[in-house]
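Student: curious how this folds, go ahead:
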Amino acid sequence: MPPHTNAQTYSISDLHIESYTMDGFFDNNLTQNHSKYSLAKSMNGYSAGLSGLTKGKAASTDARPLVPGIYAPTVAFFDEETEDLDLATIKKHAVRLAEAGLHGLVTQGSNGEAVHLSHSERRVVTAATREALDEAGFSNMPIIVGCGSQSIRETIELCQDALSAGGDYAMILPPSYYGALYTPDSQFEFFTKVADQSPVPILIYNYPGAVSGIDLNSDVINRLAKHKNIVGCKLTCGNTGKLVRIAARAPNGFMTMGGSADFTLPALIGGGKGVIGGLANIAPKACAEVFNLYTSGKIDEAEKMQAIIGRGDWVAIKSGVVGTKSCLQSHFKYGGYGRKPLPRPTSEQAAAYLAEFEELLLLEEFLMGGPEEDKIHHDKAAEYPELVELEKILAL
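Tutor: Model prediction:
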């Protein structure tokens, strides 16, 4: 279904965000406050980047449908000393990803350290991302906002916040704190009631590692896919069989998405619409190119690129957001650290992460540079023969 309508203005230039029209979305016993959210000028905790922001009207999200492709769950950035939000870097990173050819962004995902952000900070990150995209000419790029919480009530509140900040869709984890008490029917009820009242369409986020091992099966997701306000799912469980079963039975247009870049090609072959993968923060062009090669019928090239992506993603999977940020800092000269208590890598660890990501970074460099014959990394042929072979093929 199309995203929300009746958009009013929002701005983060003065940390004030106006909500969208909410009347009719919520039951009276859930909330009565549909007026303006104020992120108050008196609010502290935001580092460099505010002065350059300008007021502007959010583009109508009728023009921002979800499309098949590669989406990045964006990293949240903080001042290294104060741990305040670094809005300038958040904006710069969002534009870099868009310019590399990604099809959409996700804020407040696992890579975005949603669990380390207050509600107001979540709104600011999403608003900054929306404004950065609009200013850079990517007003049609959709933003999915992580809105998972333990209760139906707070989850709906986060969906409303996502809308007020310029988000187009919500991505929601199943509740897990009382996991031993929940049944598949409990999870079905949770998602159904949230979808009934969310002002934005939602995607189901199946990530057992983040929710005490709760793993939604294909029967539950296929039942939920029939809801008119549930438009997709992200399967970070990595179960391609589950993905195939969901994609085969889901309604037309339902976005069955893989949850990591290391199985982009298997997901597409199985009927998935793409991937929401954290590796795209590091190598957005390479991640998007696997999709582009496959959809253009260049299967052999897609397979060769998937192998390199898979090796790179294994490093990201092992090291998590700590390794991702470390790579961004070492190679792209921005990234910083996660909020405490996330560990800060030592210089030796940072060097080790960079070395493991090298093949992927070389591929990204090649793709961003053309690809052209004179950009082939001939000097790396002994170390990365599969990379050089692929570059030769792509340069033809």
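Student: what sits against the residue most central in space within the chain?
Tutor: The residue lying closest to the centre of the chain (CA atoms, centre = their mean) is Pro73, at 2.0 Å. Each residue near Pro73 by CB atoms under 8 Å, 6 or more residues apart in numbering is listed here: 105-107, 109-112, 146, 276-278, 281. For every residue, glycine as well, the C-beta is placed using N, CA and C.
Student: make a ChimeraX selection of the buried ones in these.
Tutor: To isolate the buried ones among these in ChimeraX, judged by 16 or more other CB atoms under 10 Å, type:
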select :105,106,107,109,110,111,112,146,276,277,278,281
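Student: would CSV of the contacts of Pro73 with secondary structure be doable?
Tutor: Formatted as CSV, those follow (DSSP: H, G, I helix; E, B strand; the rest coil):
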residue, secondary structure
Leu105, strand
Val106, strand
Thr107, strand
Gly109, coil
Ser110, coil
Asn111, coil
Gly112, coil
Gly146, strand
Ile276, strand
Gly277, coil
Gly278, helix
Asn281, helix
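Student: any chance of the contacts of Pro73 in CSV, with distance to Thr295 too?
Tutor: Conversion of the contacts of Pro73 to CSV gives the following (distance: CB to CB, whole Å):
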residue, distance to Thr295
Leu105, 20
Val106, 21
Thr107, 26
Gly109, 24
Ser110, 27
Asn111, 25
Gly112, 27
Gly146, 27
Ile276, 17
Gly277, 17
Gly278, 22
Asn281, 22
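Student: from the contacts of Pro73, which is closest to Ala210?
Tutor: Ala210 lies nearest to Ser110 out of these, by CB to CB, at 6.3 Å.
Student: and that closest one, how close does it get to Ile317?
Tutor: 11 Å (CB to CB, to the nearest Å).
Student: okay if I get the contacts of Pro73 as JSON lines plus distance to Ala195 and pLDDT?
Tutor: Shown next, in JSON lines, are the contacts of Pro73 (distance: CB to CB, whole Å; pLDDT from 0 to 100):
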{"residue": "Leu105", "distance to Ala195": "22", "pLDDT": "98"}
{"residue": "Val106", "distance to Ala195": "18", "pLDDT": "98"}
{"residue": "Thr107", "distance to Ala195": "20", "pLDDT": "98"}
{"residue": "Gly109", "distance to Ala195": "19", "pLDDT": "91"}
{"residue": "Ser110", "distance to Ala195": "22", "pLDDT": "89"}
{"residue": "Asn111", "distance to Ala195": "25", "pLDDT": "94"}
{"residue": "Gly112", "distance to Ala195": "22", "pLDDT": "96"}
{"residue": "Gly146", "distance to Ala195": "16", "pLDDT": "98"}
{"residue": "Ile276", "distance to Ala195": "19", "pLDDT": "98"}
{"residue": "Gly277", "distance to Ala195": "24", "pLDDT": "97"}
{"residue": "Gly278", "distance to Ala195": "25", "pLDDT": "97"}
{"residue": "Asn281", "distance to Ala195": "29", "pLDDT": "98"}
